[in-house]
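Participant: sequence plus predicted model, see below.
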Amino acid sequence: MRPLAQQEVEARRRAPPGSGYGFISHGQRGRQTSEDGPTRPHPRFRGWSGGQRWVCTAFHESRFDTSAVGPPDSNGNRDYGIFQISSRWWCDNGHRPTANVCETSCNAFLNDDITDDIKCAKRIVLDHQGMGAWVAWKEHCKGKDLSEWTKDCNL
Ligand SMILES: [Ca+2]
């Protein structure tokens, strides 16, 4: 994962609440400071603002179970891992042709190293649906106050 450039940190810090900088759309966290000074992103989410969106989505997709595999859909595709990434487009589950946009085995999304899961999720969110690619996001997280999800994380 690319380390967060200092300029990005500064830009994020200066971004007004609700400016939509990066993934932040719910306000204050983009300019949050703590008593110890400016907060720093957790290493897992470095370079990835708005971590609470992902924490909320991951919880409602998989209950944070990195080994979760969803039931097959009508085409035999399944969702894999903490972000429930679908074999339909994003990874190869070895069962049928797949676009495999993230160029990885779906099994790679079932271990405790979520670096590759995050990398693929970052690719997915670039697609036209954005976070809407995740049903859990739309049903449980979108438009909600998500600050509780990361309030103790010092993101
Ligand atoms: Ca993984």
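Facilitator: Looks like it came in fine.
Participant: I'd like the distance between the residue lying closest to Asn111 once chain neighbours are set aside and the ion.
Facilitator: Setting aside the residues directly before and after it, Asn111 is nearest to Thr66 in space (C-beta to C-beta, 6 or more residues apart in numbering), at 6.5 Å. C-beta here means a position set from N, CA and C on the backbone, and glycine is covered the same way. Distance, Thr66 to the ion, by C-beta to the ion, to the nearest Å: 7 Å.
Participant: now Thr115
Facilitator: Distance from Thr115 to the ion, by C-beta to the ion: 7 Å.
Participant: go on, Cys102?
Facilitator: For Cys102, the distance to the ion - C-beta to the ion - is 11 Å.
Participant: so what pLDDT did that residue get?
Facilitator: Note on Cys102: pLDDT of 97.
Participant: do the one 3 residues further on as well
Facilitator: At Ser105 the predicted local distance difference test score is 97.
Participant: isn't it right up against Asp92?
Facilitator: Yes: taking C-beta atoms under 8 Å as the definition, Ser105 is a contact partner of Asp92 at 5.5 Å.
Participant: any low-confidence regions in the protein?
Facilitator: Where the chain drops to pLDDT under 70, the residues are 1-49, 154-155.
Participant: residue boundaries of the strands in it?
Facilitator: Under the criterion DSSP state E, strands of the chain are mapped to 33-34, 37-38, 79-80, 85-86.
Participant: contact residues of this protein facing the ion?
Facilitator: 108, 111, 113, 116-117 (C-beta under 5 Å from the ion).
Participant: which ChimeraX command selects the buried ones in these?
Facilitator: The following ChimeraX line selects those of these that are buried, judged by 16 or more other C-beta atoms under 10 Å:
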select :108,116,117
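Participant: now the residues of the chain next to the ion as TSV including distance to Gly130?
Facilitator: Formatted as TSV, those follow (distance: C-beta to C-beta, whole Å):
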residue	distance to Gly130
Ala108	23
Asn111	26
Asp113	25
Asp116	21
Asp117	18
